[in-house]
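J.: Attaching a predicted model along with its sequence, questions to come.
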Amino acid sequence: MPFIELDHVFFSYPESPRLVLDNLCLTIQAGEYIAVVGANGSGKSSLLRMLNALRVPVSGELRIDGKASSCEEGRRAARSAVGLVFQSPADQIVSSSVEEDVAFGPENLGLPRAEIVARVDSALAAVGLAGERRRASHFLSAGQQQRLAVAGVLAMNARCIAFDEATAMLDPEAREMVLRLMDGLVGSGKTVIHATHDMSEASLASRLLVLDAGAIVFDGSPEELFGEGRRAARSAGRISEAAEALGLPDCAALAVALGLEPRIRESAASLAARIIARPSATGLALRTDPTGHDAARRPARASPEAYAFELKGASHSYLRGTANETPSLRGIDLDLPLGSMVAFVGRTGSGKSTALQLLDGLVAASSGKVSAFGLDLADPRIDLRAPRMRAPLSVQRPESALFELYAGDDVAFGPRNLGLSGKVLVERVRHAMEETGLGYLEFRDRQTRTLSGGEKRRLALAGVLAMDGDALLLDEPTSSLDPATKRSILDFVGGASRRGATVVMATHSMEEAAEADLVAVFAEGRLVASGHPESIFFDRFDPAWGLRRPFACEVVLALEDLGFPIGARPLSIPALAAALS
């Protein structure tokens, strides 16, 4: 008997007639490792919630171990068998301290105290939060909260764990830890279902499902969609336009750009060896850009004397003056040039989000000085609304800031407060929504609560972009977005920077950081390095930061190790492909 069965399942939310899941027929065997991919709003989160019986079909049937979720016994079986890590971790954190939150589920199972303690210890160790066990859960960073949510589900010891974008807000080191955890769960016989927008993560699964408008448009192996079986699958018509639009893992994308057969999970060293083995590789080092610049990058525009933001010895602590005081930033000295694009990188909890909030005046420095456009943000004579209007902040979970009933009204709120009205207001809203992948006519009258998690995130970003400020402060703006929308957002902020706006963006994607003019590396509340991306990733990179180099950079260094220096320092796959072609 299959572990999980979906038999012609249809689902829509009561407040919307639109089908979210459309005639799904799916069988999952115990012990499978499945990745679920698709654009925002394609139905991934709704599918995972249905497996956990948080949602039930409007028609059709879901069965777990043969028990239908349409009856109470079947729903209890589903919730016991399938643990769910939510897309927004704050939605499932219920206790005030880390260890209490992880213990909540086992305690409700009525387990003996010794068993509860053992499960809590094991789960916290598995996600790297053992040292935070007595910390207040609401003072964790978003990435730490995401790991806490994973720990809470692990402690329940369910037969299947469904991860809904569980790595979206994690730094590269923590992301690798969670992915290894998934491998370990599968190795122990558990079923793992991972909804993700990262195609490199999706390629780690043994089976891949692609959703489009609530329907399954591909069900096969990652090799068929991304790797050596891709040509045959395309010839057979098994790869739809929706699946094509998701793109390829970095290693496969570079191979295809160079005319090589794509391989999934290929290391930079392996790909470098294949590049050298090409017949056209003779004289490789002679045909590259001798200037050493990435052709896809642009030079910084501002003079060193012109700064949008300045931090001089800036420090900050949460719960300052109490027994639970937690330093978040320590003596930060950083000048951010006008018109530049700046990337804040570092482990989760390293201080990136707090630094962005300092720049916007949402939190005050406990010592040192923070200036925005020449204004001292600690000066009691200034109205902080003025710099905040000039530099709107998109918080780490922007969807939590939505408050209007209709999507179009939410985007229009900021521009209205700037005095815009009529056609000018409509065009500003239209432009911002369409830049974030939300068609104006399709989404303007949609109720915000009916949107998917990814659509809410895009809407919240549109509200910030519609402000058209002199600066944009963005905290992980592409987290939980599909590849096409992610590229659209990056193109928009890059364009804003080229037009003279200062963009400061916290990100866990080193590929995104490589597009900036300046990279600032945070570690344990300190600024440990800052400089041009080429300098940070090629010359000064330190594995102790807990980050990783962009894949293109890793390939360049692998080529050098094999005795083929290419004489250039590209940081993006298109730039590297151009240098090697």
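T.: Arrived safely.

J.: Give me the contact list for stretch 249-260.
T.: 199-200, 202-203, 226-227, 247-248, 261-268, 271, 274-275, 278, 511, 551-552, 555, 573-574, 576-577, 580-581 (C-beta atoms under 8 Å, 6 or more residues apart in numbering). Glycine gets a C-beta too; all of them are placed from N, C-alpha and C.

J.: can you check stretch 72-82 too?
T.: By C-beta under 8 Å, 6+ apart, stretch 72-82 touches 3-4, 51-53, 56, 62-65, 67-69, 158-162.

J.: again, 7 Å this time
T.: Identification of contacts with stretch 72-82 by C-beta atoms under 7 Å, 6 or more residues apart in numbering yields 51-53, 64-65, 67-69, 158-160, 162.

J.: excluding its backbone neighbours, what's nearest L129?
T.: Of all residues not flanking L129 in the chain, R147 sits nearest, at 5.6 Å (C-beta to C-beta, 6 or more residues apart in numbering).

J.: Got a quick ChimeraX command for the buried subset of the contacts of stretch 249-260?
T.: Under the burial definition 16 or more other C-beta atoms under 10 Å, those of those that qualify are selected in ChimeraX by:
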select :199,200,202,203,226,227,247,248,262,263,264,266,268,271,275,511,551,552,555,573,576,577,580
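
J.: The contacts of stretch 249-260 in helices, which ones?
T.: Per DSSP state H, helices hold the following members of these: 199-200, 202, 226, 268, 271, 274-275, 511, 551-552, 555, 573-574, 576-577, 580.

J.: Low-confidence ranges, this structure, go.
T.: Residues of the chain that meet the criterion pLDDT under 70 lie in 280-305.

J.: According to the record, where do the domains of it fall?
T.: 4-236, 251-296+553-580, 307-544 (automatic domain parsing).

J.: can you pull out the helices in the stretch 1-150 of the chain?
T.: 44-51, 72-81, 98-108, 113-126, 142-154 (DSSP state H, counting those that start in this stretch).

J.: and the ones you listed as JSON lines, adding mean neighbour count and distance to F344?
T.: What follows is the helices of the stretch 1-150 of the chain, written out as JSON lines (neighbours: other C-beta atoms under 10 Å; distance: least, C-beta to C-beta, whole Å):
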{"stretch": "helix 44-51", "mean neighbour count": "24", "distance to F344": "28"}
{"stretch": "helix 72-81", "mean neighbour count": "17", "distance to F344": "39"}
{"stretch": "helix 98-108", "mean neighbour count": "21", "distance to F344": "25"}
{"stretch": "helix 113-126", "mean neighbour count": "17", "distance to F344": "27"}
{"stretch": "helix 142-154", "mean neighbour count": "26", "distance to F344": "13"}
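
J.: The stretch 301-450 of the chain: strands as residue ranges?
T.: 307-318, 326-337, 341-346, 367-372, 375-376, 393-394 (DSSP state E, counting those that start in this stretch).

J.: Identify whichever of the ones you listed lies nearest to R526.
T.: Evaluated over the strands of the stretch 301-450 of the chain, closeness to R526 peaks at strand 326-337, with 5.1 Å, by C-beta to C-beta.

J.: Partner strands of the closest one and their direction?
T.: Applying DSSP bridges, strand 326-337 is found paired with strand 307-318 (antiparallel).

J.: Using PDB, write down the CA coordinates of the partner strand.
T.: Only the C-alpha atoms of strand 307-318 are listed here, as PDB (Å, rounded to 0.1, in the frame of the first residue of the first chain):
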ATOM      1  CA  TYR A 307      27.800  59.000   1.300                       C
ATOM      2  CA  ALA A 308      24.200  58.100   1.700                       C
ATOM      3  CA  PHE A 309      24.700  56.400   5.000                       C
ATOM      4  CA  GLU A 310      27.600  56.500   7.600                       C
ATOM      5  CA  LEU A 311      28.100  54.400  10.600                       C
ATOM      6  CA  LYS A 312      30.800  55.500  13.000                       C
ATOM      7  CA  GLY A 313      31.500  53.100  15.900                       C
ATOM      8  CA  ALA A 314      27.800  52.100  15.900                       C
ATOM      9  CA  SER A 315      26.800  49.500  18.400                       C
ATOM     10  CA  HIS A 316      23.400  48.000  19.400                       C
ATOM     11  CA  SER A 317      22.100  45.600  22.000                       C
ATOM     12  CA  TYR A 318      18.600  44.100  22.500                       C
END
